[in-house]
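Asks: let's see this in three dimensions:
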Amino acid sequence: MAEMETGRVIYLVVLLIMVAGWFFMQSREGLNRTLQYAAVWGMIFVGGAAAVGLWQDISRSGSGAQVQMTGAGQIIVPRARDGHYYLTAMINGENVRFVVDTGATDMVLTQADAERAGIDLENLAYLGRANTANGQVRTAFVRLNEVTLGDVTDRDVSAVVNEGEMEQSLMGMGYLQRWGRIEIAGGELILTR
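Replies: Reported below is the predicted structural model:
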């Protein structure tokens with residue numbers, strides 16, 4: 001997330017330089033006309049590049065496709081630009097954003113998400129082990145009172161809390177298998193009960 005913020009700041013600084021340069025060039029009467037035109041075209045190019053970058057940031061964050069909840073016990077999740085599928089579920093009454101990971105055995109919560117969902121991190125016993133892309137990490141088994149996704153609420157759901165650093169919680173097969181059908185077609189993940 002910090003990389004996206006840094007990119008936005010860079011785009012805004014470039015735009016500011018472009019506008020300031022335009023006013024500077026307009027007030028300078030002694031410069032050669034050719035240099036003025038070259039500078040103006042350079043600023044137009046830099047401004048165009050900054051505008052394209054800003055538009056990509058705006059379209060990525062603002063107009064992304066939304067998860068659809070149908071009345072037939074079905075949830076349709078569009079594929080994000082990065083190729084992953086993201087869901088927000090209510091865990092013990094708190095919104096938690098997940099990346100769908102069919103390669104994960106369990107629902108895996110980050111420590112921050114677990115704490116927000118009311119799990120006491122101080123009393124967790126990290127007795128489990130999980131093999132990840134970053135190596136082996138310790139995990140603690142927990143039971144979630146309530147998991148709500150769309151109109152469907154499940155009670156007493158097993159999950160694990162990852163002791164290591166994780167950017168985002170994972171919606172693994174431990175929860176996904178509760179859905180009668182899991183389908184990926186046409187850039188959409190479809191969960192049906």
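Asks: let's verify Gln36: helix, strand, or coil?
Replies: Counting by DSSP: H, G, I helix; E, B strand; the rest coil, the backbone at Gln36 sits in helix.
Asks: domains of the protein?
Replies: 2-62, 68-192 (automatic domain parsing).
Asks: tell me the helix or strand right after the strand or helix carrying Met90.
Replies: Assigned by DSSP states H and E, Met90 belongs to strand 86-91. Per DSSP H and E, the first helix or strand lying C-terminal to strand 86-91 is strand 94-100.
Asks: would you give the sheet partners of that next one, along with the direction of each?
Replies: Strand 94-100 sits in its sheet next to strand 86-91 (antiparallel), strand 169-171 (parallel), going by DSSP bridges.
Asks: now that strand: mean pLDDT?
Replies: Taken as a whole, strand 94-100 has an average pLDDT of 95.
Asks: what residues of it count as buried?
Replies: Neighbour-count burial for strand 94-100, counted by 16 or more other CB atoms under 10 Å, picks out 96, 98-100. Where you see a C-beta, it was placed from the backbone N, CA and C, and this is true even at glycine.
Asks: got the contact list for that strand?
Replies: Strand 94-100 is contacted from outside by 77, 84-90, 107, 109, 113, 116-118, 168-171, 176, 189, using CB atoms under 8 Å, 6 or more residues apart in numbering.
Asks: which strand residues bridge Leu87?
Replies: Phe98.
Asks: all strands for this protein, in order.
Replies: Counting by DSSP state E, residue ranges of the strands within the chain are 68-70, 74-78, 86-91, 94-100, 108-109, 128-132, 135-149, 152-162, 169-171, 181-185, 188-192.
Asks: ok, which of those strands comes nearest Gly48?
Replies: Nearest of the strands of the chain to Gly48, taken as CB to CB: strand 74-78 at 29.5 Å.
Asks: off-centre distance for the closest one?
Replies: 17 Å (CA atoms, centre = their mean, to the nearest Å).
Asks: mind listing the strands that strand pairs with, and their directions?
Replies: strand 68-70 (antiparallel), strand 188-192 (antiparallel).
Asks: number of residues surrounding Glu5?
Replies: 10 (other CB atoms under 10 Å).
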